[in-house]
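Student: this one's structure only:
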């Protein structure tokens, strides 16, 4: 992913936010903010034969404490027009390969329970449900639960 992909990445992100079931965020940030908060070595875009961005995946550190150096939080977003074509799974597989090569042992995220497509995608990529954080935050005027998911590497760190 490069800054040339920024307009498409942010547009896909905003489309996900507009769905109401992707994040507590409601507005995609500017590229400078997005770029500063996502690790450059673990961000990928999927593009079609015409160079159009179909989706993206990226990670952020979960903590600055050294004990969590091998734990990241990820986001994956697919253009609604590119859904059900394997884009999300391909992006997650690229992310898993990249993070494991860098010594990262846990990829985690939180998803709304209503986002069943994301739950199925993550399960197919080897993520497991850790638990539910009930009524963790208000979103569009209602309290929402968040399902905590993670994928533990079988090759890095403690593995399982």
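Tutor: Okay, I see it. What you see is a predicted model, and the numbers here were worked out from it, not measured in a lab. Numbers count the residues shown, from 1 in each chain.

Student: neighbours of the residue lying closest to residue 72 once chain neighbours are set aside, how many?
Tutor: Spatial nearest neighbour of residue 72, chain neighbours left out: residue 59 (3.9 Å); criterion: CB to CB, 6 or more residues apart in numbering. For the C-beta atoms, the positions are set from N, CA and C on the backbone; glycine is no exception. Neighbourhood size, residue 59 [other CB atoms under 10 Å]: 24.

Student: what about the helices in the protein?
Tutor: 6-18, 31-37, 87-101, 116-124 (DSSP state H).

Student: low-confidence regions, the chain specifically.
Tutor: Applying pLDDT under 70 to the chain picks out residues 158-160.

Student: just give me the residue right at the centre of it.
Tutor: residue 75 (1.4 Å; CA atoms, centre = their mean).

Student: which ones are touching that residue?
Tutor: 13, 23, 57, 58, 59, 60, 109 (CB atoms under 8 Å, 6 or more residues apart in numbering).

Student: beta partners for the third one?
Tutor: This means residue 57. Per DSSP bridges, the residues bridged to residue 57 are residue 44, residue 76.

Student: can you name the residues that contact it?
Tutor: 43, 44, 74, 75, 76, 77, 91, 92, 94, 95.

Student: can you tell me how far the first one is from residue 146?
Tutor: Put plainly, it is residue 43. Note on residue 43: its distance to residue 146, by CB to CB, to the nearest Å, is 23 Å.

Student: and for the third one?
Tutor: Residue 74 sits 14 Å away from residue 146 when distances are taken as CB to CB.

Student: of those two, who's got more company?
Tutor: Taking neighbours as other CB under 10 Å, residue 74 and residue 146 compare with residue 74 leading, 24 against 20.

Student: that concludes my questions; thank you for your assistance.
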